[in-house]
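When you get a sec, could you give me coordinates for this:
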Amino acid sequence: MSALSVFDIAGSGMNAQSLRLNLVASNISNANSVSSSLDEVYKSRQPVFAAQLKDVMDKSATTGVEIKGVVESQAPPVMEYAPNHPMADADGYIYKPNVNTIEEMANMMSASRSYQNNVEVLNTAKQLMLQTLRMGK
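Here you go, the predicted structure:
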């Protein structure tokens, strides 16, 4: 593994956490939306990550975080009886997303800290490489 691969690894971690932060923002912004049907209600979205492991014997191979995709929550939406609501269905129900804002806030804090940790890894690696270059002076 190359000494420069630390930049690829930290960069893939930053990309993953950036996606996670964007999904949290989307979930929180849609947490109070209302729909008139089960099919149209917003569903919480979560990223799926995997460790990207390559052959460690291959000198050019790197590892990192692979973004597998985004999945929608299968939890049922919240049904609320509100017959006077303009979006109510024929039975008088409105549907709210299955977004738990407390969980989303915890996800946001975790993703933000993970992103910051990857930035620190990049800065530390850069400083170590610069110190190594200065040793030759």
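
tell me the mean pLDDT over the longest helix belonging to the chain?
Counting by DSSP state H, the longest helix found in the chain is helix 101-135. For helix 101-135, mean pLDDT rounds to 94.

in the chain, which spans are helices?
Under DSSP H, the chain gives helices at 5-29, 101-135.

And the longest one, what's buried?
If I follow you right, that is helix 101-135. Of the residues in helix 101-135, 104, 107-108, 111, 114-115, 118, 121-122, 125 count as buried by neighbour count, 16 or more other CB atoms under 10 Å. Bear in mind the C-beta positions are built from the backbone N, C-alpha and C, glycine included.

tell me which strands and helices it is in contact with?
helix 5-29 (3 or more CB pairs under 8 Å, 6 or more residues apart in numbering; DSSP states H and E).

Can I get the helices of the chain in TSV including distance to Glu72?
Below are those laid out as TSV (distance: least, CB to CB, whole Å):
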stretch	distance to Glu72
helix 5-29	11
helix 101-135	14
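
Tell me which of the ones you listed lies nearest to Asp89.
helix 5-29 (23.6 Å; CB to CB).

Pull out the buried positions in the closest one.
5-7, 9-17, 19-21, 23-24, 26-28.

Might you calculate how far the longest helix of the chain sits from the centre of the chain?
Computed by CA atoms, centre = their mean, to the nearest Å, the chain-centroid distance of helix 101-135 equals 15 Å.

how big is the angle separating that helix from helix 5-29?
160 degrees (axes from the mean of the first three to the mean of the last three CA atoms, to 10 degrees).

Give me the pLDDT value at Val71.
97.

Report how many residues lie close to it.
12 (other CB atoms under 10 Å).

which residues does it bridge with?
Under DSSP bridges, the beta-bridge partners of Val71 are Gln46.
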